[in-house]
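*Asks:* next come a sequence and a model predicted from it.
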Amino acid sequence: MQENMGKWQRLLLWAKPDDWKWEPPKTLSAVKAKKPPEGVRERLDEVVLTLPDTEKEILQLRLVDGFSQEEIAEILGCKPLLVALIEQKAIERLAENLKAKEETVRSWVAWWGKERQREIEAALPKPSTPSPKCLPLARIYEAVLRWDWSKEERRHIRRCARCRSVFNKVSKQVWHPSFRQLWNYVTEGELSRDERLDIRYHIEESKCRRCSVVERILRPVTLLTQPQPRRLYRITSEAEPLLSRSLSLAFMMPQERAFSSFHPTPSRPIPSVIAAITPTPVTLAAGGFAGEETEEIEVTEGDFKAELRREPKGWVARAQAKDVPKGSRVQFVWVTPEGDEKIKVGAELKRAFGDYYYAEKVLAPTEKQLGEGYFAAILLPPTD
């Protein structure tokens, strides 16, 4: 989402005409929720889903999760005005789709947000009133990224329903680059300049622990999958006539111009690698970060799925992949929040049925306390 916010900022700067006159977006002011007609109520969910991701997420944060424009801006590192402008653009799109006035649509969407909020709250324990000890939203967001909680903060979140609720919301909303973006970032593959800058800022400035762990896991993998660079020999212009007559290699040397008849063998394509990892560290077979007890984890990346479960025979890791080359392998990794690989085992994927392949491995005995960490599964291509 952060790269989309950056594009919004640049677009607003480029689109501003010379005779531009300031007109504050209507979304800066409050609006009273109004129940829409029955036909509109049935369509609201469907119409909201048609919005671009950035606008949809801003509406979710504002109207469903209940964050103010200032709080959202603090999380995303932008101005509240930008949040209001994106919200305004979403209202304009909805008004056009619903064939209604913008102010009317604002009241309908405010009602829609309250309804979604009631549905969520009905399924969760009611948070307590914020206390002076409650953590600021910006700190929760920062700690979710960096996973640098103090003992006091951990203790408070376990006991405070309000902060635990905010922690769960932020954990789901925080932006991470996709695996493909991270892979291209590590291998210096195809990425736009904005994507590369966003990922670098996310890892180096925001210090995202999860993406740093993924980067650390992927770097040695690139050595196994990337072709070795070939040396292209070049010759001087004076040596070319002699070489063409005698076909002697004595004059070949790295130089300025390549011999026209020299055609190096094309390198094999880079095989695909897929990784799936938990968004935040989890604690297994013990009281988790928010007081829960976890005995199973599932992670997914496209058609590649992996899980870790506590069973009588031990902590069993399984993976499932679709339509992969014969001989493909999977690595199961348990990584501490500091990025140290505590457990790493490999297994070959075998055909289960149709195009689906399956792998299973016991990571540790049942009685072992794995502690807090990330569970990652890496799908590797066959080795030559």
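*Replies:* Ah, there it is.

*Asks:* sticking with Val299, tell me its helix or strand.
*Replies:* In this assignment (DSSP states H and E), Val299 forms part of strand 296-301.

*Asks:* tell me which residues of stretch 150-161 are tucked away?
*Replies:* Residues of stretch 150-161 classed as buried by neighbour count (16 or more other Cβ atoms under 10 Å): 153, 156-157, 160. No exception for glycine: its C-beta is placed from N, CA and C like everyone else's.

*Asks:* whoops, stretch 312-330 was the one
*Replies:* For stretch 312-330, a neighbour-count test (16+ other Cβ under 10 Å) marks 314-321, 324, 328-330 as buried.

*Asks:* convert the C-alpha atoms of that stretch to CSV, please.
*Replies:* Listed next in CSV are the C-alpha coordinates belonging to stretch 312-330 (Å, rounded to 0.1, in the frame of the first residue of the first chain):
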residue,chain,number,x,y,z
PRO,A,312,1.9,-37.5,18.2
LYS,A,313,4.9,-38.2,16.0
GLY,A,314,6.3,-34.7,16.4
TRP,A,315,6.2,-31.2,14.9
VAL,A,316,5.3,-32.2,11.3
ALA,A,317,5.8,-29.8,8.3
ARG,A,318,4.0,-30.5,5.1
ALA,A,319,3.9,-28.7,1.7
GLN,A,320,1.7,-28.9,-1.3
ALA,A,321,2.5,-27.5,-4.8
LYS,A,322,0.9,-27.6,-8.1
ASP,A,323,2.4,-28.4,-11.5
VAL,A,324,6.1,-28.3,-10.5
PRO,A,325,9.1,-29.9,-12.3
LYS,A,326,10.0,-33.4,-11.2
GLY,A,327,12.7,-33.3,-8.6
SER,A,328,11.6,-30.1,-7.0
ARG,A,329,12.4,-29.7,-3.4
VAL,A,330,11.1,-27.8,-0.4
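
*Asks:* so for that stretch, mean pLDDT?
*Replies:* What stretch 312-330 shows for mean pLDDT is 90.

*Asks:* just stretch 203-214 next, same as before
*Replies:* 91.

*Asks:* what's the span of it, first residue to last?
*Replies:* Using Cα to Cα, to the nearest Å, the end-to-end distance of stretch 203-214 comes to 10 Å.

*Asks:* contacts for that stretch, please.
*Replies:* With contacts defined as Cβ atoms under 8 Å, 6 or more residues apart in numbering, stretch 203-214 is touched by 145-148, 176-177, 179, 182, 199, 202, 215, 275, 277-281, 335, 337, 339, 374, 376.

*Asks:* return the members of those residues classed as buried.
*Replies:* Using 16+ other Cβ under 10 Å as the burial test, the contacts of stretch 203-214 include 145, 147, 176-177, 179, 182, 199, 202, 215, 275, 277-278, 280-281, 335, 337, 339, 374, 376 as buried.

*Asks:* tell me which helix or strand the most centrally placed residue in the chain sits in.
*Replies:* Centroid-nearest residue in the chain: His176, 2.8 Å away (criterion: Cα atoms, centre = their mean). For His176, there is no enclosing helix or strand under DSSP H and E.

*Asks:* with adjacent residues omitted, what lies nearest to it?
*Replies:* Excluding the flanking residues, the one nearest His176 by Cβ to Cβ, 6 or more residues apart in numbering is Cys211, at 5.9 Å.
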